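Undergrad: after the sequence you'll find the predicted model.
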Amino acid sequence: MIFDINNINTPLESERIEEVMNLFKQENPDFCAVLQLEKEDDAIREEIYHYFYRYELHCLEACHMTSSQRYRSQQALHVLKNLFSPRHESITHFSVFKNLKKCLNNDVSEISLGFAYEILNLFRGLKGTTGLEHTQEIKPRVKRHELSRLDDLSQEVKIWMNRYPSGIEFPIIKQRKENQEQIKAKFNITDQEWKDWNWHCGNMLKELKDIEKMINLDEEEKMAIQLANEHDLPFGITPYYLSLLDHSDTSDLKYDHAIRAQAFPPLKYIQRLVESSKHKKDVLVKENKQIPAEVSIRRGYPRVAIFRPISNNSRFCLYSEKNWEMNHALGKKEPISIEKLDRAMRWFDKHTEVTEVLIASDILIFDDQIIEEILSRLADIAHIQRIRVSTRIPVILPSRITNSLVHLLSSYQITGRREISLMTHFEHPYEVTLEAMEVVQKLKKAGVLVYNQSTYTVDNARRFEMAALRKQLRLIGVDPYYSFNAKKDIPEERVPIARMIQEQNEESRLAPGIDRADEAVFNIPGIGKNYLKASQEHELIMILSDGSRIYEFYPSDVYLVTEKPFLYRDVPIFSFLKQLEKRGENLSDYQSIWYYY
C-alpha cells in the first residue's frame, strides 16, 4: 500500500504524523524491537548496524527481488547507515536515532510529517516495498512487439510535453501579437519604434501603477512590486517581455506562471530583501575586506575565470548573488569603469593558465562600442581561447541582437584560434519565441554558438517541463548546457535534489540524445559544480526534524582534495510536493521522488 500524502481529512498534523509512524511500526516490527531494547544507546546502535548488515546479506542473496528493487534497497541501506552515524549526528546537530526512540514512545512532538514520510519511505526502499513495481505490474501483461511498447511510451511522453506549449506555436503567436498591439496602442508607438531595442530600454516598466494598466496582477504580485517601489529595490520589465504574459484574468492563468515568476519577484523574497537591505553597509564592509583588488574576477576552475565588468543585470534576477547591488534593470546603464577594466586585463595577462573567460554580467544591455571595448581587450590576450557571454537578452529583448551586434560578436570568432559564444538563460518553453529563434539563427549563421543554462525552480519542475524546454531550445538552435539548482536564499523557489535527479533519470533520458545534452549540476561554494548523477561526489547523511535532507558534497577534482566537504540543507520533499499540489499536480506521478538520494 502507498500511503496517501493527499489525505486532508485529518485536522491536526500531529495526528497525521502519528498515523504515518504507526504505519512505520507495523511495517518494521523487528527494527522497532531493536530500537526499544533495554540497553545503553551505544549497544542499541551496534544492534542497529547488525540489523542493517543482516539485511544487506539478505538483499544480496534474495531471489524474490527485482534488479530495481535490489538497487533501491542498497541505496536506502547506505542512507540509513549514514543516518545512525555518530559522526553525522555530531556535524548536523541532530539525531534520527534519538527522535525515532521518542516516536516509538508515542512522542512525535519534535518531528514533522516530512520527517515521518522520509523514514517510512526509506524503510520501504530497503525492503523493496515501495509500490513502484506494483504500479507498473497492474497493467495487463500482454506479450507485445517491442516497437509497440516503444510507441506507447513515446505517446505518453508526447502527452506530458503537450501540457507545456511554447511561444512558437500558432495560437500563442497569435495571442502575443494581440498583446503587442495593445501595448503599442497604450504607448501610442509605431511598429518601427517597437522593433527598436533602445525604445524598450527607455520605457522600462517599474512602477505598479504603470504595470497595472497593461496587465492583470494578483494581490501578491501587486504587494511585491509596491514594496520594491517603496524601497527603491531593483525591478523592471521590458514591454516586449510583458507581451509574453497572458493578459487574461489572473484566476484563469494556464501557461505564463514561469514567466510571471521571472518577471515579478516573490513577495516573501522582497520582504526578506527589504530587511537585509537595512544591514547592507555592514555586509559590504565585511566582504570588501576579504576580497582582492580584482573584485570583478572570480576563479573556481583551473582554466576558467568569471569576469564581471558591470554590476547590473538585465532584469530582476532571483538567482543573482547580490540582489541589493543590482541597478534598475535596463533603464539606467552605469558607465563601464576603465580603471576596473584595466585592472582586470592586467590580471588576465598575468594568469596565463586561464584560457577561457565567462563574462557573467549582461554586457549586451550596452551599446556596441562598449561591448567591443570589452571583447577586443580580452581578444588581445593571446592565451584566451574562448569567450562566453552570459545573457538573458535573447529572452527578454531579442531586438537588441541587431545585425551590427551579430557582426561584432562574430568578428572575434576565429576557427582554430578563438571561440566566442552566448550563454543564455531560457527557463521555460513559454519563453521560447519566434523573435528569439530569429536572432539565434542569425548568430549561428555568423559562427556564434548559443548555449543555455536553466535553473530548476518550482515553476519549471513539473513532470517533463524541463524536457519540453530542452526540446524547444534544440528546435530553435540553442544547445542545452547545464541545469542548475536555485539559490538557497529563495526557499519558495527551490527544488529538492531528489527531484533534479528524478527528472534526469525518468524524463530527460526518454528524450533523443541531442535534446538531453545538458547535465543537472549543483553549485558548491569553493568547490564548483557537482554533477548530481555522479553519486560518489555527494551523499545524504541526515534527515532533520522538518524533513530537510542534509547532503555532504565532496570535491570532485583531484586538485581540490584539500577543500573541506560542503554541507547543504535541502528543501523538504514533502514541502515541495505540497507546492506542486497547489499547482494542480497529481502527487502519485511523483511517487518515486522519495527514492532518489
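TA: Sure, I can see it.

Undergrad: show me which residues of stretch 59-70 are buried.
TA: Within stretch 59-70, the residues that count as buried by 16 or more other C-beta atoms under 10 Å are 59, 65, 69. The way it works is simple: take the backbone N, C-alpha and C, and place the C-beta from them, glycine included.

Undergrad: what's the helix or strand for the last one?
TA: Using DSSP states H and E, residue 69 sits within helix 67-83.

Undergrad: now render the buried residues of stretch 59-70 as JSON lines, adding distance to residue 447 and pLDDT.
TA: Converted to JSON lines, those look like this (distance: C-beta to C-beta, whole Å; pLDDT from 0 to 100):
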{"residue": "59", "distance to residue 447": "55", "pLDDT": "76"}
{"residue": "65", "distance to residue 447": "54", "pLDDT": "85"}
{"residue": "69", "distance to residue 447": "51", "pLDDT": "91"}
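
Undergrad: and which of those residues is nearest to residue 460?
TA: Residue 460 has its nearest neighbour among these in residue 69, at 31.2 Å by C-beta to C-beta.

Undergrad: care to break the chain down by domain?
TA: 13-151, 170-272, 294-527 (automatic domain parsing).

Undergrad: for the second one, measure first residue to last.
TA: So the one you mean is domain 170-272. 40 Å (C-alpha to C-alpha, to the nearest Å).

Undergrad: need the next SSE after the helix holding residue 69, C-terminal direction.
TA: Downstream of helix 67-83 (by DSSP H and E), the next one is helix 86-92.

Undergrad: convert the C-alpha atoms of that next one to PDB, please.
TA: Taking Å, rounded to 0.1, in the frame of the first residue of the first chain, the C-alpha atoms of helix 86-92 are listed here in PDB:
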ATOM      1  CA  PRO A  86      27.600   9.400  15.400                       C
ATOM      2  CA  ARG A  87      29.800  11.500  13.100                       C
ATOM      3  CA  HIS A  88      26.800  12.700  11.100                       C
ATOM      4  CA  GLU A  89      24.900  13.400  14.300                       C
ATOM      5  CA  SER A  90      27.800  15.500  15.500                       C
ATOM      6  CA  ILE A  91      28.200  17.600  12.400                       C
ATOM      7  CA  THR A  92      24.500  18.100  11.800                       C
END
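
Undergrad: how about the closest residue to residue 102 other than its chain neighbours, secondary structure?
TA: What sits nearest to residue 102 in space, not counting adjacent residues and going by C-beta to C-beta, 6 or more residues apart in numbering, is residue 110, at 6.7 Å. What DSSP: H, G, I helix; E, B strand; the rest coil gives for residue 110 is coil.

Undergrad: now do residue 110 against residue 383, distance only.
TA: 57 Å (C-beta to C-beta, to the nearest Å).

Undergrad: pick the most deeply packed of the domains of the chain.
TA: Looking across the domains of the chain with neighbours counted as mean count of other C-beta atoms under 10 Å, the highest average goes to domain 294-527: a mean of 19.

Undergrad: quick one on the thing from earlier: specify which member of the buried residues of stretch 59-70 is nearest to residue 103.
TA: residue 59 (25.1 Å).

Undergrad: which strand or helix spans the closest one?
TA: helix 41-61.
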